[in-house]
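Asker: sequence? don't have it. structure:
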């Protein structure tokens, strides 16, 4: 993550604070998020770094936005900006993925725009679903997209995709080159 870099220990401490603030046991959080209690324990102890998807599941189950988890609040209204420089974008990264959040989180911004990079032969594949429709465009490489009840799709460079709110899916890069894509989550 860029801009406010949190190390593994900081992530664990912040996650534990949020869990305890909500008076949740590790087992209760595990049940709500679908992340095992043993993994939560290791994350909170700073022994392991969570994948972005695991962290997102944990935070969403506590009604905490992933973006807000990594930033400090400011009084600047981003809707007064026209250009958002890459150097000011929040990014999250695990061993195989990098996500750049183009816009800061704000109630008046009704979409989340991401630039994503998947390393070749992605091994970490987690089922995800979102609280908003997802639209995307593959810039380079080939995305393997598995959508529950719909099938597995190969989305090539120049192709776009659309996933409805709450539709469980997995995304990975089975190819030999870095996969890059742009995606947007539409929020009501």
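Answerer: Looks like it arrived, so ask away. Please read these numbers as outputs of a predicted model, since none were measured by experiment.
Asker: Tell me which other helices or strands the top helix by length along the chain touches.
Answerer: In the chain, taking DSSP state H as the definition, the longest helix is helix 8-21. Packing partners of helix 8-21 (3 or more C-beta pairs under 8 Å, 6 or more residues apart in numbering; DSSP states H and E): helix 37-44, helix 52-61. All C-beta spots, glycine's among them, are computed from the backbone N, C-alpha and C.
Asker: In terms of mean pLDDT, which of those helices ranks lowest?
Answerer: Here these differ in mean pLDDT, and the lowest is helix 52-61 at a mean of 86.
Asker: Check which helices and strands that one sits against.
Answerer: helix 8-21, helix 26-33, helix 37-44, helix 66-70.
Asker: could you give the angle of that helix to helix 26-33?
Answerer: For helix 52-61 against helix 26-33, the angle by axes from the mean of the first three to the mean of the last three C-alpha atoms, to 10 degrees is 100 degrees.
Asker: Quickly find the element holding the nearest residue in space to residue 131 that is not next to it in sequence.
Answerer: Spatial nearest neighbour of residue 131, chain neighbours left out: residue 165 (6.5 Å); criterion: C-beta to C-beta, 6 or more residues apart in numbering. For residue 165, there is no helix or strand it lies in under DSSP states H and E.
Asker: do you know how far the residue lying farthest from the centre of the chain is from residue 108?
Answerer: Here the centre of the chain is the reference, and by C-alpha atoms, centre = their mean the most remote residue is residue 80, at 25.4 Å. The gap separating residue 80 from residue 108 is 10 Å, by C-beta to C-beta, to the nearest Å.
Asker: do the same with residue 95
Answerer: On the measure of C-beta to C-beta, residue 95 and residue 108 end up 35 Å apart.
Asker: OK, contacts around residue 84?
Answerer: 78, 102, 103, 104 (C-beta atoms under 8 Å, 6 or more residues apart in numbering).
Asker: try residue 61
Answerer: Contacts of residue 61 by C-beta under 8 Å, 6+ apart are 29, 32, 33.
Asker: likewise residue 152?
Answerer: Applying C-beta under 8 Å, 6+ apart to residue 152 gives the contacts 144, 145, 146.
Asker: Whichever of the residues you listed end up buried, select them in PyMOL.
Answerer: In PyMOL, this line selects whichever of the contacts of residue 152 come out buried by 16 or more other C-beta atoms under 10 Å:
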select buried, resi 144+145
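Asker: beta partners of residue 93?
Answerer: Judged by DSSP bridges, the bridge partners of residue 93 are residue 98.
Asker: burial of it, as a residue count?
Answerer: Using other C-beta atoms under 10 Å, residue 93 has 14 neighbouring residues.
Asker: same thing with residue 20?
Answerer: Number of residues near residue 20 (other C-beta under 10 Å) recorded here: 11.
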